[in-house]
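[1] Everything below, folded, please.
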Amino acid sequence: MPPGAQLVQLIEDPSIAAWAPVGTSAVGGIRLGVQDLLARPAPKARALPAPRMPRPRAEPSALMSVAYVMQTLAEVRDAASIVVEEAPSSRSAMQNYLPILQSETFYTMCSGGLGHGLPAAVGVALAKPDKKVIGLIGDGSCMYSIQALWSAAQLNLPITFIILKNRRYAALQEFAPTFGFKADDKLAGTDLPDLDFLALARGQGCDAVHVRDAAKLHDVLREALASPAPSLSRWTWLDLAPNFNLQPFNQPGDFQ
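    Numbering: from 1, shown residues only. Here you go, the predicted model:
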């Protein structure tokens, strides 16, 4: 909550009201409550807040940053294209560098569950066949449901999958202290050092390219987004491949 802000929630469910960690919850009929608010006098006019300061540009580096990937994707994608996202550990860079400019062009999971994003991209592409769909998925998240690539290929859906590869189940590692793990505890099964997403994509019928030069990122993304078929571009930190699975990394490492 920003300083000076106040949160008020109108909700019909007492259990949700009781769970709210901050603010004031009013339990009652939402429809009646909104009608009552609309019937009240308009609030006094107030000055507009100061405009948001522009983010500093992300620059290419030896290992591509997630911010640079998001910034580049924002520059080359059509504002009407649909982003289906499941990359929890990359979300702050996504929010800062990948603005969503039109309604109904961004979908994400509504809870902490993992594995939703890859098949959700397939579902959105089926529901909106006239739109280009971009599946923006972390490498850990996509391994919960990698077989969605096969469905995309079999149905010949116009999806570009971008896999943000940080070589680990980063979200699980970040949640670990909540469940009693110490900072130096080894979390078994949460490292993903040698996954070859190009092979996984091609084995299920999707095009895939691996690019290691950040200078080629714009062109690779443009080609991938122009493709009418499912494709996977992959990069890791500074490693990219067009079309089906782009994989940037969240931390330094040997990214593919």
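
[2] wait, isn't Gln9 in contact with Ala20?
    Yes. Under the criterion of C-beta atoms under 8 Å, Gln9 makes contact with Ala20 at 5.9 Å. Quick note: C-beta positions are derived from backbone N, CA and C, even for glycine.

[3] Pull out the buried residues from stretch 187-196.
    Leu192, Leu195 (16 or more other C-beta atoms under 10 Å).

[4] er, stretch 23-39 actually
    Ser25.

[5] And stretch 88-107, by the same measure?
    Buried residues in stretch 88-107, counted by 16+ other C-beta under 10 Å: Pro88, Ser89, Ser90, Arg91, Ala93, Met94, Tyr97, Leu98, Thr105, Phe106, Tyr107.

[6] pLDDT (mean, whole number) over it?
    Mean pLDDT, stretch 88-107: 92.

[7] can you give me the end-to-end distance of it?
    In stretch 88-107, first residue to last residue: 13 Å (C-alpha to C-alpha, to the nearest Å).

[8] same check, this time on stretch 78-90
    In stretch 78-90, first residue to last residue: 21 Å (C-alpha to C-alpha).

[9] Would you quantify the distance from the closest residue in space to Met109 that isn't next to it in sequence to Leu192?
    Closest residue to Met109 apart from its sequence neighbours, by C-beta to C-beta, 6 or more residues apart in numbering: His116 at 4.4 Å. According to C-beta to C-beta, to the nearest Å, His116 stands 18 Å off from Leu192.

[10] repeat for Met70
    Distance, Met70 to Leu192, by C-beta to C-beta: 21 Å.

[11] Could you do Gln6 as well?
    Taken as C-beta to C-beta, the span from Gln6 to Leu192 is 43 Å.

[12] Then Trp19?
    Trp19 is 34 Å from Leu192, by C-beta to C-beta.

[13] which stretches of the protein form helices?
    Taking DSSP state H as the test, the helices found in the chain are 14-19, 30-39, 66-76, 91-97, 117-127, 139-142, 148-154, 170-175, 197-203, 217-226.

[14] can you pull the contacts of the residue nearest to Met109?
    Glu86, Met109, Ser141, Ser145 (C-beta atoms under 8 Å, 6 or more residues apart in numbering).

[15] show me what contacts the residue nearest to the third one when sequence neighbours are not counted?
    So that's Ser141. Leaving out its chain neighbours, the residue that sits closest to Ser141 by C-beta to C-beta, 6+ apart is Glu86, at 4.5 Å. Glu86 makes contacts with 108-109, 114-118, 120, 136-138, 141-142, as judged by C-beta under 8 Å, 6+ apart.

[16] quick one on the thing from earlier: quick one, which of the helices of the chain gets closest to His210.
    His210 lies closest, by C-beta to C-beta, to one member of those: helix 197-203, at 5.4 Å.

[17] quick one: Met143 from Trp19, how far?
    Taken as C-beta to C-beta, the span from Met143 to Trp19 is 31 Å.
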